[in-house]
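Participant: got a sequence here, can you build the structure:
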Amino acid sequence: MVMVMRGMAAAVTASVVLATTLWFSPAADESALGNVLDKIAAAETLQLEITRDGKSSRLWAKQPQKLRLNEADGTYKIALGGRLWSIDEKANRATSGPSPYFRNDKPGLDLLALLELPDRSHEEDFLQQRPAERVQRDGVECDVYRIEIPAADGTIRLEAIVDAATRRLRSVETKSDRNGQLRPIAKVTMLAVNEPVDEELFVVGDTLTEDGRIGKVTDRQGIVSIKPVMHGRFTPVGSRMPIKPGDWLRTDSRGVNAVCVRLLKQTDVTLGPGSLVELVTPKQIRVIAGELK
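Facilitator: Numbering: from 1, shown residues only. The predicted model follows:
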């Protein structure tokens, strides 16, 4: 009888230990911030607003591992898996490199990467946080998560706001604390989840180039000159000279003067004598005078 009771006691103790372990495990506790972020990252589509230095950017994300980030200055970024393109359409430039927005060990968008933290060694502490308090935001009951992490010149405060009923993230932001003075660093605000997102947002234009060229001179005859954008005067055109957005081309009106230009992708243009054009983009040419073929 004593042995049976001891066995039952051991079983009860083991059950209590197991239950306690599950209760405090971030994977099992729905209130842990890591679970909230994982659910958002697993969404089919996301639309976010990112605010830095008082300027707002718009982000769209779509499974699997597609991202479009429109910056306030008119440039934008496109990420496809582990590759990121930084694009300036006005300059016809697209440079590529590694993408920081998706991780190999977790599916979906890495939301904390959007905050551009200088040090992510304390990330796990943040993900294990439970609500610090419950507040009302726009008439909605919300849980507030907070953590402070050391920085080179003070501390960084991270705060996440989560809808208490739906467990959906509303926002996450960082502020620097220097001698008691708080300064906003970045804020990510959720705009929409699983709403339709146009696939065209994630297409890198096939006429964009690393150095911004939109074409090149393939042949010339007689007197031909060029005025690059932001330059004040025309200079002679060289052989196979690259053409950039906003360049002006001019052929002299006296004599047999002509120039051939190949624009991306594979569009050939010929200017006859006495012509003046502005090459705006690979698909747009403004004719001021003369003939264009």
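Participant: what's residue 33 sitting at in phi/psi?
Facilitator: For residue 33, the backbone dihedrals (degrees, to the nearest 10) come out as phi -60, psi -30.
Participant: tell me where the stretch 1-150 of the chain has strands.
Facilitator: 45-52, 55-62, 66-70, 76-80, 83-88, 93-98, 133-137, 140-151 (DSSP state E, counting those that start in this stretch).
Participant: who wins for proximity to residue 112 among those?
Facilitator: Residue 112 lies closest to strand 140-151 among the strands of the stretch 1-150 of the chain, at 11.6 Å (CB to CB). (Glycine included, C-beta is placed from N, CA and C.)
Participant: specify the angle between that closest one and strand 133-137 in degrees.
Facilitator: Relative orientation of strand 140-151 with respect to strand 133-137: 120 degrees, computed using axes from the mean of the first three to the mean of the last three CA atoms, to 10 degrees.
Participant: name the helices or strands packed onto strand 140-151?
Facilitator: Applying 3 or more CB pairs under 8 Å, 6 or more residues apart in numbering; DSSP states H and E, one finds that strand 140-151 contacts helix 123-127, strand 133-137, strand 154-163, strand 169-178.
Participant: for these, give me CSV that also has distance to residue 108, mean neighbour count and mean pLDDT.
Facilitator: Formatted as CSV, these follow (distance: least, CB to CB, whole Å; neighbours: other CB atoms under 10 Å; pLDDT from 0 to 100):
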stretch, distance to residue 108, mean neighbour count, mean pLDDT
helix 123-127, 14, 15, 87
strand 133-137, 25, 11, 95
strand 154-163, 17, 19, 94
strand 169-178, 12, 18, 94
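Participant: make CSV from those and add distance to residue 60 to it.
Facilitator: Putting the helices and strands packed on strand 140-151 into CSV (distance: least, CB to CB, whole Å) gives the following:
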stretch, distance to residue 60
helix 123-127, 24
strand 133-137, 24
strand 154-163, 21
strand 169-178, 16
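Participant: residues contacting residue 127?
Facilitator: Neighbour list for residue 127: 26, 32-34, 37 [criterion: CB atoms under 8 Å, 6 or more residues apart in numbering].
Participant: thinking again about what came up before, for residue 102, which of the helices and strands packed on strand 140-151 is the nearest?
Facilitator: Comparing these under CB to CB, the one sitting nearest is helix 123-127, at 15.5 Å.
Participant: return the alpha-carbon coordinates of that closest one using PDB.
Facilitator: Taking C-alpha atoms only, helix 123-127 is exported to PDB below (Å, rounded to 0.1, in the frame of the first residue of the first chain):
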ATOM      1  CA  GLU A 123      15.900  39.400 -28.800                       C
ATOM      2  CA  GLU A 124      15.000  36.200 -27.000                       C
ATOM      3  CA  ASP A 125      14.300  38.100 -23.800                       C
ATOM      4  CA  PHE A 126      11.900  40.400 -25.700                       C
ATOM      5  CA  LEU A 127      10.100  37.400 -27.300                       C
END
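Participant: the spatially closest residue to residue 217 that is not a sequence neighbour - how many residues pack around it?
Facilitator: Closest residue to residue 217 apart from its sequence neighbours, by CB to CB, 6 or more residues apart in numbering: residue 241 at 4.6 Å. Using other CB atoms under 10 Å, residue 241 has 22 neighbouring residues.
Participant: I'd assumed residue 226 was in contact with residue 241.
Facilitator: Yes: in this structure, residue 241 is within contact of residue 226 by CB atoms under 8 Å, at 6.9 Å.
Participant: quick one: low-confidence residue ranges for the stretch 101-250 of the chain.
Facilitator: By pLDDT under 70, the stretch 101-250 of the chain has no low-scoring segment.
Participant: any idea how far the residue lying closest to residue 97 once chain neighbours are set aside is from residue 59?
Facilitator: Nearest-residue entry for residue 97: residue 84, 5.7 Å, with adjacent residues in sequence omitted and distances by CB to CB, 6+ apart. Per CB to CB, to the nearest Å, residue 84 is found 13 Å from residue 59.
Participant: likewise for residue 203?
Facilitator: 16 Å.
Participant: these two: who's more crowded?
Facilitator: Ranked by neighbour count (other CB under 10 Å), residue 203 and residue 59 place residue 59 first, with 20 against 11.
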